[in-house]
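Colleague: Kindly return the folded structure for what I paste below:
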Amino acid sequence: MTKIAVEEGLRPFQQALKTAGFLVVEVKEPDEVHRSGAQAVVVSGMDRDFLGIHDSRRSPVITAAGRTPEEVVAEVRRSLGPVE
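Modeller: Purely as a prediction, here's the structure:
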């Protein structure tokens, strides 16, 4: 199952990702993001440099700002590419 780290407080996005079949891990601290082993990270977009991960991760960072949960799920899928 593909693991997605989601910034604390983004409950509708967490639920949409779970419904779409992803394993969701809520994160609060930078260490949690790095230790989670997540293939993608979803952030609120309120802080462009959430936890210092905007460009320091190999995993895609998806911003939820201005998007519906369904749009974020679609972006996560696009960012991860085809799943075998």
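
Colleague: per-residue pLDDT, residue 32?
Modeller: For residue 32, the model assigns a pLDDT of 84.

Colleague: give me the number of residues near it?
Modeller: 15 (other CB atoms under 10 Å). C-beta: built from backbone N, CA, C; applies to glycine.

Colleague: That one contacts residue 5, doesn't it?
Modeller: Yes. Counting by CB atoms under 8 Å, residue 32 touches residue 5, with 7.4 Å between them.

Colleague: residues shared between the contacts of these two?
Modeller: residue 25 (CB atoms under 8 Å, 6 or more residues apart in numbering).

Colleague: Identify the residues contacting the lengthiest helix in the chain?
Modeller: Longest helix of the chain, by residue count under DSSP state H: helix 69-80. For helix 69-80, the external contacting residues (CB under 8 Å, 6+ apart) are 2, 4, 12-13, 15-17, 20, 22, 39-40, 42, 60, 62, 64, 67.
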